[in-house]
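# Here's a sequence, model it:
(chains A and B)
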Protein chains: 2
Amino acid sequence: MTYCIAVSVRDGLVLTSDSRTNAGIDNVSVHCKMHVLPTFDDRRIALLCAGNLATTQVVLEQLRRDIKECAEVNLNTVAYLSEAAEYLGRVSLEKQQRHASAGQSGFFPSATFLLAGQIASEPHGAYLVYPEGNYITTSSQTPYLQIGENKYGKPVLDRFLTADTGLDEAARCCLISMDSTMRSNASVGPPVDLLIYRKDSLGWDTYYSFKEDDEYWMQMRRIWQQTLMEGFAAMPGLNGREPLAFPPID
Amino acid sequence: MTYCIAVSVRDGLVLTSDSRTNAGIDNVSVHCKMHVLPTFDDRRIALLCAGNLATTQVVLEQLRRDIKECAEVNLNTVAYLSEAAEYLGRVSLEKQQRHASAGQSGFFPSATFLLAGQIASEPHGAYLVYPEGNYITTSSQTPYLQIGENKYGKPVLDRFLTADTGLDEAARCCLISMDSTMRSNASVGPPVDLLIYRKDSLGWDTYYSFKEDDEYWMQMRRIWQQTLMEGFAAMPGLNGREPLAFPPID
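Prediction:
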């Protein structure tokens, strides 16, 4: 499985991804799921991938070839991020359908993507492209998108992220969300990639790849666990509270 | 949907359940999912239910009728909790199969249960009964079981619960886990029922039903959110950390 987050706040973008892939529980490997595409200097576009690895690889390959061969539509010709999402959805659906039910009936090598970046003077943004090829973007109420194992780490994002959250703070929030997910789900694992884009810069701001034994990553996990433990210990007990007379026997 | 937790620690049991049911997103109701069965005084057995409401109701009805009519096997005749789980699994599977694919092909009104309690001098315990009728119990490494929307609230349980956690602490942990779930998933909602059983007491210890505007529940949610916000604000930033030169363009 996979866990990727794309945050789009006022100041820019924060992208986070894990690196564990598996074909069955007994076949686990490491593949980076964060990909920066080789586009012109007037744009920056990155992809985060979840789902069937064969599909995500062949889709990326097609996107790169379309750029290289100056295809009629490619990531350098689109004028808007939504157009990029539309194009990605089309390529993805075509690749999925090519192998659907080829070997076994009902098999569908589905893939889901997060596409984020900025094109020229258009606003920066992030899109989630579904296996069906359609897509959604963020809103000021919900400034993030997730793919893969999204539930474990969602409460943390819901608690902390707003459209006004700073980039560094949003990055820490994503790392905590990733930590929560990795604690409860063995199919999500390091290295954890983190990419920050500052709006209108048309250049990547900072990039990290945290291995399991990375000092900052370990410190961050330890401090957060300690913070929670101490906070939990300080919570008010039920002692003062009058219980109901009986549980409802029915 | 649903979220229920059964914790079995050294000192006893903590059961927690939400009360929101829905048949489609446009048909939402309130149904208590925690049920204490009317057994003899030598035993205490409670059920938490998830899944198809028609199935869980008819299963509960059958369990009560079997007790009342002194059926050959009922919750008063079983000598072990595992035997109770086996019996519950059998009844559940039979009720599910009766209506499977009756109206529409592929329809299966599946239901999942948590069964917890103590029978006479046997140890207290908790079981998760799958729709297929088989079941699992807790271990000293993982002293809890969940049914329904289990992912949002799992990191909190993994962080705090051990077999030695006290009952009051385990109760608070379950309420926080429920809070995290309710913040991120609209299909889980109040009242939140909480039932505590102290081992070898053969009587229920305390029972609470927290409505949305319950003072303790609101205070607990507020303090936990504040604790997290403050802890989050105090986390070390990435500033001191040298980023990698470039994101991997590929």
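
# how far off helix B:215-233 does the helix or strand hosting A:Met220 point, in degrees?
Applying DSSP states H and E as the criterion places A:Met220 in helix A:215-233. Here helix A:215-233 runs at 160 degrees with respect to helix B:215-233, directions being taken by axes from the mean of the first three to the mean of the last three Cα atoms, to 10 degrees.

# is helix A:215-233 anywhere near chain B?
Yes: with Cβ under 8 Å from any Cβ of the partner chain as the threshold, helix A:215-233 lies in contact with chain B, specifically through A:216, A:219-220, A:223-225, A:227-229, A:231-232. The way it works is simple: take the backbone N, C-alpha and C, and place the C-beta from them, glycine included.

# ChimeraX command to pick out the buried ones of these?
Entered in ChimeraX, the line below selects the buried ones among the residues of helix A:215-233 next to chain B, by 16 or more other Cβ atoms under 10 Å in any protein chain shown:
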select /A:216,220,224,227,228,231,232
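
# For the residues of helix A:215-233 next to chain B, work out which two are farthest apart.
The largest distance within those, taken as Cβ to Cβ, falls between A:Tyr216 and A:Phe232 and amounts to 24.2 Å.

# Next one: A:Ala233 from B:Val9, what distance?
Spatial separation of A:Ala233 from B:Val9 under the definition Cβ to Cβ, to the nearest Å is 16 Å.

# Do you have the strands of chain A handy? List them.
In chain order, chain A shows strands spanning A:3-9, A:12-17, A:20-22, A:28-30, A:34-36, A:43-51, A:111-119, A:125-129, A:135-137, A:144-148, A:192-198, A:204-210, with DSSP state E as the criterion.

# Mind listing what's buried along the fourth one?
Buried residues in strand A:28-30, counted by 16+ other Cβ under 10 Å: none are found.

# So A:Gly189 is in contact with A:Thr21, correct?
No: counting by Cβ atoms under 8 Å, A:Gly189 sits too far from A:Thr21 to count as a contact (9.3 Å).

# Find residues that contact each of those two.
Taking Cβ atoms under 8 Å, 6 or more residues apart in numbering or on different chains as the criterion, A:Gly189 and A:Thr21 both touch A:28, A:30.

# Who does A:Gly117 form a beta bridge with?
Note on A:Gly117: beta-bridge partners A:Ile45, A:Gly125, judged by DSSP bridges.

# Compare A:Ala233 and B:Val9 and say which is more crowded by neighbours.
For the pair A:Ala233 and B:Val9, the greater number of neighbours falls to B:Val9 (22 against 10), based on other Cβ atoms under 10 Å in any protein chain shown.

# Below-threshold pLDDT in chain A: ranges please.
With pLDDT under 70 as the threshold, chain A has low-confidence stretches at A:103, A:240, A:245-250.

# which residues sit in contact with the residue nearest to A:Asn52 when sequence neighbours are not counted?
If you skip the residues right next to it in sequence, A:Asn52 has A:Pro109 as its closest partner in space, 3.7 Å away by Cβ to Cβ, 6 or more residues apart in numbering or on different chains. Residues in contact with A:Pro109, defined by Cβ under 8 Å, 6+ apart, are A:51-52, A:54-55, A:96, A:99-100.

# Tell me which entries of those lie within helices.
Of these, the ones assigned to helices by DSSP state H are A:54-55, A:96, A:99.

# Can you tell me which of these lies closest to B:Arg64?
Distances from B:Arg64 to the ones in helices among the contacts of A:Pro109, taken as Cβ to Cβ, are shortest for A:Gln96 (49.6 Å).

# I figured that closest one hits A:Phe108, correct?
Yes: using Cβ under 8 Å, A:Gln96 makes contact with A:Phe108 at a distance of 6.5 Å.

# Overlap of the contact sets of these two?
With contacts defined as Cβ under 8 Å, 6+ apart, the residues shared by A:Gln96 and A:Phe108 are A:Pro131.

# and stretch A:67-81, how far apart are its ends?
The straight-line separation of the ends of stretch A:67-81 (Cα to Cα, to the nearest Å) is 16 Å.

# near chain B, anything from it?
No: taking Cβ under 8 Å from any Cβ as the criterion, stretch A:67-81 and chain B are apart, separated by no less than 11.3 Å.

# Same question for stretch A:176-186.
Yes: with Cβ under 8 Å from any Cβ as the threshold, stretch A:176-186 lies in contact with chain B, specifically through A:176, A:180-181, A:183-185.

# Could you check how far A:Gly166 is from chain B?
When distance is defined by Cβ to the nearest Cβ, to the nearest Å, A:Gly166 is 10 Å away from chain B.

# How about that residue, nearest residue that isn't a chain neighbour?
Distances taken as Cβ to Cβ, 6+ apart put A:Asp11 closest to A:Gly166, at 6.3 Å, once the chain neighbours are dropped.
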